[in-house]
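Novice: let me see the structure of the following:
(one chain, ligands or ions: 1)
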Amino acid sequence: MTATVIDGKAFAATVREKVGTHVSRLKDEHGITPGLAVVLVGEDPASQVYVRSKGKMTVEVGMNSMEHKLDVDTSEADLLALIAQLNADPSVHGILVQLPLPDHLDSDLVINSIDPAKDVDGFHISNVGLLGTGQKSMVPCTPLGCLMMLRDHHGSLSGLNAVVIGRSNIVGKPMANLLLGDSCTVTIAHSRTKDLQGVVSQADIVVAAVGRPEMVLGDWIKKGATVIDVGINRIERDGKNKLVGDVDYDSCVAVAGAITPVPGGVGPMTIACLLANTITACCRANGLPEPDGLTA
Ligand code: NAD
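Specialist: Numbers count the residues shown, from 1 in each chain. Got it, this is the predicted structure:
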């Protein structure tokens, strides 16, 4: 048996197309152009690449992209002042502060200064609480993308055993809450979990968000399970740089029922979901119905 490969790149293109259609409708019928403001502090090369591709895709779907690039030594007061200004600006529907921030800035304080209604990353403590209590919130983009792919593949997730490996605030915990919201039986595994292989082998759905190259092996996976690989790890193999996930793809593809590749799986869905969150925020801000299928 060989698993169905879940094509995140193609799926993300359909999400962006849906967002684009809705943006056109907002412009034509209501004269509203959704706007996403991205704040980058410093010159971290990976962050610069992310911010550039976020900006490009924002414009491609017809939204306004506002980029604010600040010096690495920007003070907390100046950053908070910029966020206050963006919070008050009605043309800005989504605000994203690119993480990680330089060490002298308190990330929690900065994120919690964003208006929760504009918090398109879903990291504000209010959104975390709303998600945790099953209420309408802004949902973190990476887990939202995973959920969309799982729903598309399975239809209903109700009653399935899901194991999330990793308990980070940006992936593992929100992912577990989303799966719980779709009535899965959820286990969160982490670095102190005993018998990880035994835990994973019970799962109908495995979401790996660890940051360890090719850690999850095929003989851990229940036959026919769905494997979602969030990991992005740069390794060197045969003298070449390579991007691999947290899942050992070759051994898992032979056992799983469905699997996401790296690259081309979860990664492209993350930016697509950022755009989806921006249009959701824009509709909510204007008291308009939200597009179907673009949120949890
Ligand atoms: P993190 O470092 O914040 O969390 C890693 C988690 O893995 C921790 O909760 C830890 O307990 C767990 N862990 C560590 N070693 C373990 C082990 N041996 N066994 C079981 N659990 C273990 O990482 P993160 O921010 O959640 O990211 C995880 C991975 O996902 C990284 O590779 C990151 O690059 C990737 N990522 C991808 C996207 C995307 O868009 N595709 C987005 C965010 C993160």
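Novice: next, the buried residues of the longest helix seen in the chain.
Specialist: For the chain, the helix with the greatest residue count under DSSP state H is helix 8-30. Within helix 8-30, the residues that count as buried by 16 or more other C-beta atoms under 10 Å are 8, 11-12, 15-16, 18-20, 22-23, 26. Yep, even glycine has a C-beta here, placed from its N, CA and C like the rest.
Novice: count the residues that sit near the residue lying closest to residue 181 once chain neighbours are set aside.
Specialist: Spatial nearest neighbour of residue 181, chain neighbours left out: residue 134 (5.8 Å); criterion: C-beta to C-beta, 6 or more residues apart in numbering. For residue 134, the count of nearby residues is 11 (other C-beta atoms under 10 Å).
Novice: list the contacts of the longest helix of the chain.
Specialist: 32-34, 57, 60-63, 145, 148-149, 152, 260-261, 264-269, 271-273, 275-276, 278-279, 282-283, 286, 288, 291, 293-294 (C-beta atoms under 8 Å, 6 or more residues apart in numbering).
Novice: those residues in helices, which ones?
Specialist: Those of those lying in helices (DSSP H): 57, 60, 145, 148-149, 152, 266-269, 271-273, 275-276, 278-279, 282-283.
Novice: please pick the buried ones from the residues you listed.
Specialist: For the ones in helices among the contacts of helix 8-30, a burial check counting by 16+ other C-beta under 10 Å picks out 57, 145, 148-149, 266-269, 271-273, 275-276, 278-279, 282-283.
Novice: the ligand next: which of the residues you listed are close?
Specialist: Of the residues in these, proximity to the ligand by C-beta under 6 Å from any ligand atom holds for 266-267.
Novice: my read is that residue 139 contacts residue 277, right?
Specialist: Yes: Residue 139 is in contact with residue 277 according to C-beta atoms under 8 Å; the separation is 7.1 Å.
Novice: now for the two: what residues contact both?
Specialist: Counting by C-beta under 8 Å, 6+ apart, the residues touching both residue 139 and residue 277 are 122, 295.
Novice: now the strands for the stretch 51-200 of the chain?
Specialist: With strands called from DSSP state E, counting those that start in this stretch, the stretch 51-200 of the chain shows them at 64-70, 94-97, 161-165, 185-189.
Novice: now those in a markdown table, with distance to residue 113?
Specialist: Shown next, in a markdown table, are the strands of the stretch 51-200 of the chain (distance: least, C-beta to C-beta, whole Å):
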| stretch | distance to residue 113 |
| --- | --- |
| strand 64-70 | 14 |
| strand 94-97 | 9 |
| strand 161-165 | 29 |
| strand 185-189 | 29 |
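Novice: tabulate those (CSV), appending mean neighbour count and mean pLDDT.
Specialist: Shown next, in CSV, are the strands of the stretch 51-200 of the chain (neighbours: other C-beta atoms under 10 Å; pLDDT from 0 to 100):
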stretch, mean neighbour count, mean pLDDT
strand 64-70, 16, 98
strand 94-97, 26, 98
strand 161-165, 26, 99
strand 185-189, 19, 98
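Novice: let me have those in CSV, adding distance to the ligand as columns.
Specialist: Conversion of the strands of the stretch 51-200 of the chain to CSV gives the following (distance: least, C-beta to the nearest ligand atom, whole Å):
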stretch, distance to the ligand
strand 64-70, 19
strand 94-97, 13
strand 161-165, 5
strand 185-189, 6
